[in-house]
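**Q** A structural model of the following input is requested.
(one chain, ligands or ions: 1)
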Amino acid sequence: MTHNTLIVSNWKMNFNFIQAKNLVTNLKKIKYNKLKLSNVICPQFLLLPTLNEVLHKSDLILGAQDLHFDINGAYTGDTSIELIKDYNCKYSIVGHSERRALHNESNIMIKKKVKLCLDNFIIPILCVGESIEQRKKNTYKDFILKQLTECIQKIKCPELVIAYEPIWSIGTGIIPKVEDIIEVSELIFSFLKKEKIDKFQILYGGSVNSSNFREINSIDKINGALIGGASLKIDEMKKILTSC
Ligand code: PEP
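**A** Residues are numbered from 1 along each chain as shown. As a prediction, the model looks like this:
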């Protein structure tokens, strides 16, 4: 387990060129502990070429929000790992709940993406997390274990990131109790240890902002956050980055 804090901004389908450039220009000015913190930005694909130039020689790291599981081929509208690598993405989010729900992504497909990333030296940020029904029915642990098993079991993983993102917390302002995040982070930790994966980070994602980040990040097995809404606001990011 790596102890550095990893902050991953998931901009989703937001920002035009000017807005994106403005935000990264301001993010570059923030002074934070660069030895302790990695700051990854995942913009829309079309913003990658410009941001790759703007981020040149800075400490900010680029990541992709998704990628196709095949190297190339007849996949209209998709983006290949080759282009993601060309624009210096070090990470890619895979299996985000919005992709699973809106693009019918299955664990089988997501496993292929994880494998493709690892074969190409891109660190996958695999998202797992339960729905509100699964939480209420108390089936969430089995569900998360199934996601982990079907997405990464028996893959040779030199390094990966797991983001625990309860679906009911994404974009809702509702955060699980600290003990609930602890429980799931320990479940993920034990799974990864059983799989003999040594280099990993576990993130929490879902309505993280500058008011709750510190408490969440202080959880023993949590090494940072995947941030949606708050990552679009410079003031929020400044408070989050400087609190590590
Ligand atoms: C996300 O979608 O990955 C996310 C964590 O969003 P938000 O922070 O807006 O809940």
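**Q** now do the lengthiest helix in the chain: everything it contacts.
**A** Residue-count comparison of every helix in the chain, with assignments taken from DSSP state H, identifies helix 178-194 as the longest. Surrounding helix 178-194, the residues in contact under the criterion C-beta atoms under 8 Å, 6 or more residues apart in numbering are 1, 128, 140-141, 144-145, 148-149, 162, 164, 200, 202, 204, 215-216, 219-222. In short, each C-beta sits where N, CA and C put it, glycine included.
**Q** one more time with 7 Å, if that's ok
**A** With C-beta atoms under 7 Å, 6 or more residues apart in numbering as the test, helix 178-194 has contacts from 141, 144-145, 148, 162, 164, 200, 202, 204, 215-216, 219, 221-222.
**Q** farthest-separated two in those?
**A** Of all pairs drawn from the contacts of helix 178-194, the one with the largest separation by C-beta to C-beta is Leu145 and Glu215; the distance is 25.7 Å.
**Q** which phi and psi does the closest residue to the ligand within the chain have?
**A** Going by C-beta to the nearest ligand atom, the ligand is nearest to Gly228 of the chain, at 2.2 Å. The phi/psi pair for Gly228 (degrees, to the nearest 10) reads phi -100, psi -100.
**Q** so it touches Asn10, yeah?
**A** Yes - the pair formed by Gly228 and Asn10 meets the contact definition of C-beta atoms under 7 Å, at 5.0 Å.
**Q** and the two? which has more neighbours close in?
**A** The residue with the greater number of neighbours, taking Gly228 and Asn10 and applying other C-beta atoms under 10 Å, is Asn10; the counts read 26 against 23.
**Q** the more surrounded of Leu145 and Glu215?
**A** Using other C-beta under 10 Å, the more surrounded residue of Leu145 and Glu215 is Leu145, with 15 against 11.
**Q** and that one, that's in a helix?
**A** Yes - judged by DSSP: H, G, I helix; E, B strand; the rest coil, Leu145 forms part of a helix.
**Q** identify the residue nearest it in space, chain neighbours excluded?
**A** Of all residues beyond its chain neighbours, the one nearest Leu145 is Phe191 (6.5 Å), with distances taken as C-beta to C-beta, 6 or more residues apart in numbering.
**Q** that neighbour: how many residues sit nearby?
**A** For Phe191, using other C-beta under 10 Å, the count is 18.
**Q** so what pLDDT did the most far-flung residue of the chain relative to its centre get?
**A** Distance from the centre of the chain peaks at Ala74, with 27.2 Å (C-alpha atoms, centre = their mean). With respect to pLDDT, Ala74 scores 98.
**Q** same thing with Met13?
**A** Listed pLDDT for Met13 reads 98.
**Q** does Ala101 count as helix, strand or coil?
**A** For Ala101, the assignment made with three-state DSSP gives helix.
**Q** wait, Ile202 touches Leu148, no?
**A** No - no contact is recorded between Ile202 and Leu148 when judged using C-beta under 7 Å, the distance being 11.2 Å.
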